[in-house]
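Novice: I would like the atomic coordinates for the input below:
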Amino acid sequence: MFEIIFLVVLSGYFIQSVIFIIGTSKRFPKIKEEELLPATVVVAARNEEDNILRCLNSLNNLIYPEGKLEIILVDDKSTDATSEIIDKFISDKPKFKKIVTKKEIGMLKGKTNALANGIEIASGEIILTTDADCEVHPLWVKTTASYYKEDIGAVNGFTTQQAFNGFSGMQAIDFIYLLTVAAGTINLKQPISCIGNNMSYRKKAYEEVGGYANLPFSVTEDFNLLWSIYCLGKYKIILPLDKDSLITSKPCNDFKSLFRQKKRWAVGGLEVPFRGYLVMAWGFLTNLCILLTPLFFSPVWLYLAVFKFAIDFFVLYFIHQKLELTKNLKYFLHFQIYYLVYVVALPFILAINRKVIWKGREY
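Specialist: As a prediction, the model looks like this:
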């Protein structure tokens, strides 16, 4: 009986994984270099003195047509040396501009308000966002902007993390897996998630939805905005599998910060459309069956568990190969253990407490 239940659940998981790969594999046309639109990169930073210099160096190395790129750094009321580091770095670099969050736009809070302040003064037709703990590929802006044909409203990209041990490696693979789900659904015109540290959209589309100030508050402001642009019904939204638009972020340093990150994403995930709940439910049931394997141990059950691991590996191998990140797959076992635990545990955690702590602020 239990073998049949596991087989049914796993069959659905397999079909779902195939759908993700089909969506992620979609290719999209690009415009010519001379057609690239003026672009603005907006980075909100709060107490990032340990990370901001790495981010600034990578932004300074961006390759884009002369005079078509500006970079706006928003100091979100930092209490450490973030502001001073930015000032010193950009003093002789005219494409950089720094502002400090002073104005509260509408009812916006925290990072969302900081981003809105930056976007408000942006001159670019395309807005790109990343985080202060990220390192961007030199071709990030150029590659992303090249997908902006006339009917494209938003272009997202893949993010990985620095992987130097089992703890960081499992986070790096998790980022890629979650973004494979995002790409698979976005490219099949059924978006359920995205990530704000590798996101872009037309400023015109941002203004048409009323900007962040017109959107309900969310701890995952990135998908909130993406969903609103999608609902306009006039733009295509894509997430290409392109190594030249890859961004690398820093992993969480400890389990406490990792727990808070996952909880914030999970709380934000409660706002997804119904199809997102189906994806999460199938992942939950599949991983629950794996955790129950010792209780119903049999050769058939064991074979099904191995098949589940094989599905995940081949999905991840395909994506990592395209992004030239296959070296990170040495942490695949770490990821599987981590993924099993948090996918099953998070629904129970949210049922007890949905409080989010983020950048020293409580939501």
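
Novice: so what's the residue nearest the centre of the chain up against?
Specialist: Compute the mean C-alpha point of the chain, and by CA atoms, centre = their mean the closest residue is residue 195, 2.2 Å away. Shown in contact with residue 195 (CB atoms under 8 Å, 6 or more residues apart in numbering): 156, 159, 175, 178-179, 182, 222. Where you see a C-beta, it was placed from the backbone N, CA and C, and this is true even at glycine.

Novice: on the three-state scheme, the residue nearest to residue 328 when sequence neighbours are not counted is what?
Specialist: Closest residue to residue 328 apart from its sequence neighbours, by CB to CB, 6 or more residues apart in numbering: residue 163 at 4.7 Å. Under DSSP: H, G, I helix; E, B strand; the rest coil, residue 163 falls in the coil class.

Novice: distance of residue 56 relative to residue 71?
Specialist: 9 Å (CB to CB, to the nearest Å).

Novice: what sits in contact with each of these two?
Specialist: residue 96.

Novice: just the pLDDT for the nearest residue to residue 324 once chain neighbours are set aside.
Specialist: Using CB to CB, 6+ apart and skipping residues adjacent in sequence, the residue nearest residue 324 is residue 243, 5.5 Å away. Residue 243 carries a pLDDT value of 97.

Novice: can you give me the strands in the stretch 151-300 of the chain?
Specialist: Along the stretch 151-300 of the chain, counting by DSSP state E, counting those that start in this stretch, strands occupy 152-156, 159-161, 199-202, 236-238, 247-249.

Novice: burial count for residue 71?
Specialist: 23 (other CB atoms under 10 Å).

Novice: just to check, it is in contact with residue 96?
Specialist: Yes. Using CB atoms under 8 Å, residue 71 is in contact with residue 96, at 5.0 Å.

Novice: any idea how far residue 55 is from residue 125?
Specialist: 23 Å.

Novice: over to residue 144?
Specialist: 17 Å.

Novice: and what of residue 27?
Specialist: From residue 27 to residue 55 the distance is 30 Å (CB to CB).

Novice: can you check residue 265 too?
Specialist: 21 Å.

Novice: okay, those two: which has more neighbours?
Specialist: Taking neighbours as other CB under 10 Å, residue 265 and residue 55 compare with residue 55 leading, 24 against 17.

Novice: that one falls within a helix, correct?
Specialist: Yes. Assigned with three-state DSSP, residue 55 falls within a helix.

Novice: who are the contact partners of the closest residue to it other than its chain neighbours?
Specialist: Excluding its sequence neighbours, the residue lying closest to residue 55 (CB to CB, 6+ apart) is residue 132, at 5.2 Å. Shown in contact with residue 132 (CB under 8 Å, 6+ apart): 43-46, 48, 51-52, 55, 82.

Novice: next, residue 132: phi, psi?
Specialist: For residue 132, the backbone dihedrals (degrees, to the nearest 10) come out as phi -70, psi -10.

Novice: any idea of the pLDDT on it?
Specialist: Taking residue 132 on its own, its pLDDT is 95.

Novice: ok, residue 86 next?
Specialist: For residue 86, the predicted pLDDT is 97.

Novice: distance of it relative to residue 164?
Specialist: With distances taken as CB to CB, residue 86 is found 27 Å from residue 164.

Novice: neighbour count for these two, which is higher?
Specialist: Set residue 86 next to residue 164 and count neighbours by other CB under 10 Å: residue 86 wins out with 26 against 11.

Novice: what's in contact with the helix or strand containing the more buried one?
Specialist: Using DSSP states H and E, residue 86 maps to helix 82-90. Helix 82-90 has contacts (CB under 8 Å, 6+ apart) with 45-49, 52-53, 56, 60, 73, 75, 96-98, 100, 132.

Novice: filter those down to the buried ones.
Specialist: 45-49, 52-53, 56, 73, 75, 96-98, 132 (16 or more other CB atoms under 10 Å).

Novice: pull up the distance across stretch 194-201, start to finish.
Specialist: Start to finish, the residues bounding stretch 194-201 are 12 Å apart (CA to CA, to the nearest Å).

Novice: in the stretch 101-250 of the chain, where is pLDDT below threshold?
Specialist: Low-confidence segments of the stretch 101-250 of the chain, defined by pLDDT under 70, span residues 217-219.

Novice: overlap in contacts of residue 71 and residue 96?
Specialist: residue 59.

Novice: now, the buried ones among the contacts of helix 82-90 that are in helices?
Specialist: Among those, the ones falling in helices (DSSP state H) are 52-53, 56.

Novice: among the residues you listed, which one sits closest to residue 247?
Specialist: residue 56 (14.3 Å; CB to CB).

Novice: list the residues that contact that closest one.
Specialist: 73, 85-86, 89-90, 96.

Novice: ok, now residue 252?
Specialist: Contacts of residue 252 by CB under 8 Å, 6+ apart are 171, 258, 261.

Novice: select only the buried ones of these in PyMOL?
Specialist: Filtering those down to the buried ones (16+ other CB under 10 Å) takes a single PyMOL command:
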select buried, resi 171+258
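
Novice: closest to residue 21 out of the contacts of residue 252?
Specialist: Using CB to CB, the contacts of residue 252 come closest to residue 21 at residue 171, 22.0 Å.

Novice: for that closest one, give me its contacts.
Specialist: With CB under 8 Å, 6+ apart, residue 171 has these contacts: 161, 163, 251-252, 258, 338.

Novice: same thing with residue 7?
Specialist: Counted by CB under 8 Å, 6+ apart, residue 7 has contacts residue 304.

Novice: and it, how far from residue 312?
Specialist: 17 Å.

Novice: neighbours of the residue lying closest to residue 196 once chain neighbours are set aside, how many?
Specialist: Spatially, and ignoring its direct neighbours in sequence, residue 196 is nearest to residue 222 (3.2 Å; CB to CB, 6+ apart). Other residues within reach of residue 222, judged by other CB under 10 Å, total 21.
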